[in-house]
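1. curious how this folds, go ahead:
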Amino acid sequence: MDDQDRTTTYAAEDMVTSWLDAVSPETGQVQVTSQRDDHRGQTTYSPEVEPRFTRPSEVAPFVEKVLERLQAQARQYGSPYRGREQRPVRVIAHAGWKKASYSDGFIRLPARERGGSWALRGFVVLHELAHHLNTGIDGAIIDVHGEGFRATFVQLLEDIGWIQIAEMLREAYAQVGLDRRQGADDGMLEKVGKLLRHAEGASTEAERDAFFSKAQELATAHSIELAVARAAHEQGTADRTPTFESVRLGHRGQQSNVRFIGLILAIARTNDLRCSIRRDNTGVTLYGFASDIEVARMLYVSLVVQMVADADAYIRSGAHRPVHGRTARAAFYTGWTDRIEWRLHEARRAVLALSGVSAEAGTTGAERPGTTALALMAKEVEVDDYYAATAREHGVSGTWRGASDVHDARSASRGQAAADRARLGDQKVISA
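-> Below you'll find the predicted structure:
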């Protein structure tokens, strides 16, 4: 079988392993010199924790855990691997030290004592597992390390939550001249959607928190990139002008509508959007740049499902008594929303800090704002001006009264706890 891309594919993956080895133990980040068309720049990645192993026998539980996750996702969303995740894989040691390989359901790895430590790491193991999962292009495997294999490898990394490492691999493929990168908007929205899909299906609170935080970090980084591009008047830049979109949240007379509005307002504030609210509280209109609106909609759809499910579980437990269930639910929603807004804000603040921008002041620490800060300030002004002009044109006026206060500190606290059971930041989503 033809394998003409083997050398360049290996070269790209060697770049990724060198970047992973250069991750700062203090910050968990690494800077990579990236190439975008004719522009060179530094990209900061915060890669997920990559497990390391001391012997091939330790790899087997890791592979089993990955396959179990893929099987669970396939049951819920369908299999992108045409059912190959259902087939078992065994991990065995072999005498050589220069080669790791896969064939017929067996991953063969060299032993450390024979000089095979280079292969006893998560990234290399997943490379071999990608061979097992690979269905090539349109179901036909046409080469061993070609386009189909590379797409499968990236898909596998994303499906286990290694979103940053997947992006680093895409960057490496691009740098060695393999595979065309996706458009910025389409790729970003697809990744956010995958992260939220993973969050909804997460088995633990820690895992869910990690995916939600990553989604907001990715959205913020993309928003910053577009703002800087707009400020520089780059040709071909998408999202050049603000727009608006209406989002329906509930039916007329539904008491929880005001709580749902509170949630989408919290998301909008974190993503540079302005809002107007329908008089009957059944929906909102979001004003801002198209990609920010789409991110906010995706976040809301995913988060509101989690919020309602958490509240239902709390009310069913009876822990709210003797407070009436309706009051307790309202307080729970308020606490849940407050904590979610804080988490999204912290995820955004972390990305802004990497760009040298203060989330509070909207400027850098220097006396004169830097390019990124100025671009973000210009974006904020542009959205404000657009919202004001559109509101005048459509006769939008008045102030939303908001939800009525509820006095149930216990339920509010339980809502906060349900939304904040795990620390923010990188999590070991799939570990040894």
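2. what about residue 174, is that helix, strand or coil?
-> helix (DSSP: H, G, I helix; E, B strand; the rest coil).
3. and the gap between it and residue 306?
-> Using C-beta to C-beta, to the nearest Å, one obtains 35 Å as the distance from residue 174 to residue 306. C-beta coordinates here come from the backbone N, C-alpha and C atoms, glycine included.
4. settle it for me: which of the two has more neighbours?
-> Neighbours per residue (other C-beta atoms under 10 Å) separate residue 174 from residue 306, with residue 306 holding more: 19 against 16.
5. does the more buried one sit in a helix, a strand or a coil?
-> helix.
6. could you do residue 25 as well?
-> The three-state assignment at residue 25 reads coil, by three-state DSSP.
7. can you tell me how far it sits from residue 49?
-> Taken as C-beta to C-beta, the span from residue 25 to residue 49 is 12 Å.
8. now residue 343
-> Residue 343 sits 20 Å away from residue 49, going by C-beta to C-beta.
9. between these two, which one's more packed in?
-> residue 343 (20 against 17).
10. can you pull the buried residues of the strand or helix carrying that one?
-> Here residue 343 sits within helix 325-354, counting by DSSP states H and E. By 16 or more other C-beta atoms under 10 Å, the buried positions in helix 325-354 come out as 325, 328-344, 346-352, 354.
11. again, but for stretch 46-59
-> So for stretch 46-59, counting by 16+ other C-beta under 10 Å, buried means 46, 47, 48, 49, 50, 51, 53, 56, 59.
12. now what about that stretch, what contacts it?
-> 19-20, 23, 28-30, 62, 91-93, 107, 109-112, 120-123, 125, 161-165, 168, 217, 426-429, 431-432 (C-beta atoms under 8 Å, 6 or more residues apart in numbering).
13. check stretch 12-29 too.
-> 30, 32, 44-47, 50, 121, 123-124, 127, 165, 168-169, 172-173, 175-176, 178, 354, 425-426.
14. change it to 6 Å
-> 30, 32, 44, 46-47, 50, 123, 168-169, 172-173, 176, 426 (C-beta atoms under 6 Å, 6 or more residues apart in numbering).
15. what's the span of it from first residue to last?
-> Between the start and the finish of stretch 12-29 there is a gap of 19 Å, counting by C-alpha to C-alpha, to the nearest Å.
16. what residues of that stretch count as buried?
-> So stretch 12-29, judged by 16+ other C-beta under 10 Å, has buried residues 12, 13, 15, 16, 17, 19, 20, 23.
17. for these, which one is nearest residue 411?
-> Closest to residue 411 out of the buried residues of stretch 12-29 is residue 23 (41.6 Å), distances taken as C-beta to C-beta.
18. would you map the strands across the stretch 251-400 of the chain?
-> Applying DSSP state E, counting those that start in this stretch to the stretch 251-400 of the chain gives strands spanning 274-277, 283-288.
19. which strands and helices sit next to the first one?
-> So the one you mean is strand 274-277. Under the contact criterion of 3 or more C-beta pairs under 6 Å, 6 or more residues apart in numbering; DSSP states H and E, strand 274-277 touches strand 283-288.
20. one more time with 10 Å, if that's ok
-> strand 243-248, helix 257-270, strand 283-288, helix 371-394 (3 or more C-beta pairs under 10 Å, 6 or more residues apart in numbering; DSSP states H and E).
21. just send those back as JSON lines, with distance to residue 299 and mean pLDDT too.
-> Output for the helices and strands packed on strand 274-277, formatted as JSON lines (distance: least, C-beta to C-beta, whole Å; pLDDT from 0 to 100):
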{"stretch": "strand 243-248", "distance to residue 299": "11", "mean pLDDT": "82"}
{"stretch": "helix 257-270", "distance to residue 299": "5", "mean pLDDT": "89"}
{"stretch": "strand 283-288", "distance to residue 299": "12", "mean pLDDT": "88"}
{"stretch": "helix 371-394", "distance to residue 299": "18", "mean pLDDT": "80"}
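22. between these, which one is closest to residue 312.
-> Closest of these to residue 312 is helix 257-270, at 13.5 Å (criterion: C-beta to C-beta).
23. and the closest one with strand 243-248, angle?
-> Going by axes from the mean of the first three to the mean of the last three C-alpha atoms, to 10 degrees, helix 257-270 is angled at 150 degrees with respect to strand 243-248.
24. now the angle between helix 325-354 and helix 257-270, please.
-> Using the same axes, to 10 degrees, helix 257-270 lies at 0 degrees relative to helix 325-354.
25. go through helix 257-270 and flag the buried ones.
-> 257-270.
26. any weak-confidence spans in the stretch 201-350 of the chain?
-> For the stretch 201-350 of the chain, applying pLDDT under 70 flags the ranges 201-206, 208-209, 212, 218-240, 252.
27. what's around residue 115, how many residues?
-> Using other C-beta under 10 Å, residue 115 has 12 other residues around it.
28. surely it touches residue 95?
-> No - with contact defined as C-beta atoms under 10 Å, residue 115 and residue 95 do not form a contacting pair (11.2 Å).
29. farthest pair within the buried residues of stretch 46-59?
-> Among the buried residues of stretch 46-59, the pair separated by the greatest distance (C-beta to C-beta) is 46 and 56, at 29.3 Å.
30. picking that back up, can I get the contacts of stretch 12-29 in CSV with distance to residue 376?
-> What follows is these, written out as CSV (distance: C-beta to C-beta, whole Å):
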residue, distance to residue 376
30, 24
32, 23
44, 17
46, 20
47, 26
50, 33
123, 34
168, 25
169, 29
172, 29
173, 30
176, 33
426, 24
